[in-house]
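Peer 1: this one's sequence-less:
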């Protein structure tokens, strides 16, 4: 039995911009995730990874 590795893809700049706009508009992480076709945990990790020092999101 062969084990298949899961393929991981980086977010595109368009997806990152959509996250930025969603946060700016007050959308939930789940709503943003659904709109760009990724899981809510992906959006959460992206926000945590690129959080500015004083809050906000740097895309």
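Peer 2: Thanks, I have the structure now. All figures in this text were calculated on a predicted structure; none of them were measured in a lab.
Peer 1: Next, the residue nearest the centre of the chain: secondary structure please.
Peer 2: Nearest to the geometric centre of the chain sits residue 43, at 2.7 Å (Cα atoms, centre = their mean). When classified by DSSP: H, G, I helix; E, B strand; the rest coil, residue 43 comes out as helix.
Peer 1: OK, contacts around it?
Peer 2: Residue 43 makes contact with 19, 29, 32-33, 36 under the criterion Cβ atoms under 8 Å, 6 or more residues apart in numbering. To be clear about C-beta, it is placed using only N, CA and C from the backbone, and glycine gets the same treatment.
Peer 1: I'd like the residues you listed as CSV, with distance to residue 13 and neighbour count appended.
Peer 2: As requested, the contacts of residue 43 are exported to CSV (distance: Cβ to Cβ, whole Å; neighbours: other Cβ atoms under 10 Å):
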residue, distance to residue 13, neighbour count
19, 11, 25
29, 19, 18
32, 15, 24
33, 17, 22
36, 12, 17
